[in-house]
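A.B. asks: Structure for the following, please:
(chains A and B)
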Amino acid sequence: MIRLSDLHKSFGANAVLRGVDLHVPRGESMVVIGGSGTGKSVLIKSILGLVTPDSGTIEVDGQNVTRADRDAFLARFGMLFQGGALFDSLPVWQNVAFRLLRGRLKRPKAEAREIAVEKLRRVGLSADVADRLPAELSGGMQKRVGLARAIAAEPEIIFFDEPTTGLDPIMSGVINDLIREIVTEMGATAITITHDMTSVRAIADDVAMLHAGKVRWSGPVAQMDDSGDPYLHQFITGSAEGPIEAVR
Amino acid sequence: MTRALAATGAATLGLLAAIGRLAIFVGQTLSHLVRPPFYMREFGHALVQIGYFSLPVVGLTALFTGGALALQIYAGGSRFDAQAVVPQIVAIGMVRELGPVLVGLMIAARVTSSIAAEIATMKVTEQIDALVTLSTNPMKYLTLPRVLAATLVMPVLVGIGDVIGIMGGFLVGTERLGFNAAAYLQNTADFLTRLDIVSSLAKGAVFGFIAALMGCYYGMQSDRGAMGVGRATKTSVVAAAVLILAANFLLTEAFFSA
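C.D. replies: Residues are numbered from 1 along each chain as shown, chains lettered A, B, ... in the order given. Next up, the predicted model:
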């Protein structure tokens, strides 16, 4: 469904992506792992058009994304941002229903609110959260609101950027379970970026490891522990010793 | 010598690139004026934030400036027995220059800084990226409503500032300097021309456009982190203030050069 071919992106002298090839089949949950600064976020931002790659192609359903109708293309996506990226000035329900209150997916206000409340319930938040402002919520609740917003318009493809960063282990487990359940029940194609190995094992069908601007290893999550790749092994065991320099 | 030339060349190129970036930003902003959808709720919110909530600061600035102007003109005019011109000079000074310029600078301080800090924070917390992924153009949703609202509401603020400034002069003139109230108002009304008022309101519209545009532009250009937000806010206010003063000179030249 999503295919990246020979993707390159540099910021000044810093070559972040140096020829990334990746294929995510429809309905699969792909988790991209890698150290900080290896270009994981740049990768998904390139797919969404938030970052323009220097070269290479990105195809969704065989269509080059640069030639797609932008609004129709983005309407197929949902994204959970690392910090939630909730709009401070809007109450929670309007954050969740943002897409349903404007543009081509616009619905009547009452219907949009009803959908927002239902999505909030789906991520374990009660209806009384709906009228609160994002600043009044805890980090875990904000993450869940972000997740509700990402799924509000029933997207075919969902991206999760560091979904458990900054959360305690229990809340991380809750978010991981929610992501897995939602992706499965919606039949969505998902790409998750994380360095949390618990998340990887909870969310992934397939795993791809980015290192030095390229996909170092990719395969089913079940084969990850026996990959024989020293880079992947060092990463998943969290060892300071190995081919990946600890001080970068 | 070569090094000095290279530095001058690099600075010139940098300046031209900055002007180019700003020109593209202006073009993109204006292009959304004729391309739906229009976010009326955002526009209404910006009108209230920029217009209504600026009234106290505009009123107080104009009131004290008008009063001080009356005292200065009286003191200066009395040196050559011309203290009677206080109503006329307060009126022309407020309407042609001080009203639009001071309101413009106060708006630069209050509104430009607020817009820049808000948009820069949205950028560093990925809210701008989130807007894009939610199929919403940030220029259309954030920039156009603010720039349009400031351009439309600033002439109203300047008009109010002009009137309150003249009233400040009137109060000082009648209560402190012994002017007759009716004569003061008659002299003011007789002396002002339609061109004075039109120029004042036109300056207001231009200054409003500049103030909001600078806030949006530097907010969108912000670097990461608290330092990036701080720098964007500071630069936007400085740029807005300098551009407002430069535009004031050009507009004065255009309206009143002999």
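A.B. asks: which residues touch B:Ile166?
C.D. replies: Residues in contact with B:Ile166, defined by Cβ atoms under 8 Å, 6 or more residues apart in numbering or on different chains, are B:Gly66, B:Val90, B:Ala91, B:Met94, B:Val95, B:Thr188. (Glycine included, C-beta is placed from N, CA and C.)
A.B. asks: Drop the exposed ones from these and show what's left.
C.D. replies: B:Gly66, B:Val90, B:Ala91, B:Met94, B:Val95, B:Thr188 (16 or more other Cβ atoms under 10 Å in any protein chain shown).
A.B. asks: Quick one: neighbours of the closest residue to B:Phe170 other than its chain neighbours, just the number.
C.D. replies: Setting aside the residues directly before and after it, B:Phe170 is nearest to B:Tyr184 in space (Cβ to Cβ, 6 or more residues apart in numbering or on different chains), at 5.6 Å. Close neighbours of B:Tyr184, defined as other Cβ atoms under 10 Å in any protein chain shown, add up to 23.
A.B. asks: Which of the helices or strands spans B:Tyr184?
C.D. replies: helix B:181-191 (DSSP states H and E).
A.B. asks: B:Asp129 is in contact with A:Lys45, isn't it?
C.D. replies: Yes - using Cβ atoms under 8 Å, B:Asp129 is in contact with A:Lys45, at 7.2 Å.
A.B. asks: who touches the residue in chain A positioned nearest to chain B in this structure?
C.D. replies: Nearest residue of chain A to chain B (Cβ to the nearest Cβ) works out as A:Ala85 at 3.9 Å. Listed by Cβ under 8 Å, 6+ apart, the contact partners of A:Ala85 are A:Gly146, B:Thr125, B:Glu126, B:Gln127, B:Asp129, B:Ala130.
A.B. asks: Buried by neighbour count, from those residues: which ones?
C.D. replies: Judged by 16+ other Cβ under 10 Å, buried ones among the contacts of A:Ala85: A:Gly146, B:Thr125, B:Glu126, B:Gln127, B:Asp129, B:Ala130.
A.B. asks: got TSV for those, with pLDDT and distance to B:Val163 too?
C.D. replies: What follows is these, written out as TSV (pLDDT from 0 to 100; distance: Cβ to Cβ, whole Å):
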residue	pLDDT	distance to B:Val163
A:Gly146	94	49
B:Thr125	94	41
B:Glu126	93	45
B:Gln127	96	39
B:Asp129	95	45
B:Ala130	95	43
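A.B. asks: and chain A, which residues reach chain B?
C.D. replies: Counting by Cβ under 8 Å from any Cβ of the partner chain, chain A comes close to chain B at A:45, A:48-50, A:71, A:74-75, A:77-79, A:81-83, A:85-88, A:98-99, A:102-105, A:149.
A.B. asks: Show me where chain A has its strands.
C.D. replies: Assigned by DSSP state E, chain A shows strands spanning A:2-11, A:14-24, A:29-33, A:55-60, A:63-64, A:77-80, A:157-161, A:189-193, A:206-211, A:214-220.
A.B. asks: Just checking: what are the partner strands of the fifth one?
C.D. replies: The pairing partners recorded for strand A:63-64 under DSSP bridges are strand A:55-60 (antiparallel).
A.B. asks: so where's chain A uncertain?
C.D. replies: For chain A, applying pLDDT under 70 flags the ranges A:246-248.
A.B. asks: center of it - which residue?
C.D. replies: When Cα atoms, centre = their mean is applied to chain A, the residue found nearest the centroid is A:Phe160 (1.8 Å).
A.B. asks: what's near enough to touch the closest residue to that residue other than its chain neighbours?
C.D. replies: Using Cβ to Cβ, 6+ apart and skipping the chain neighbours, the partner closest in space to A:Phe160 is A:Thr192 (4.2 Å). Under the criterion of Cβ under 8 Å, 6+ apart, the contact list for A:Thr192 reads A:Ser29, A:Met30, A:Val31, A:Val32, A:Phe159, A:Phe160, A:Pro163, A:Ile179, A:Ser199, A:Ile203, A:Ala204.
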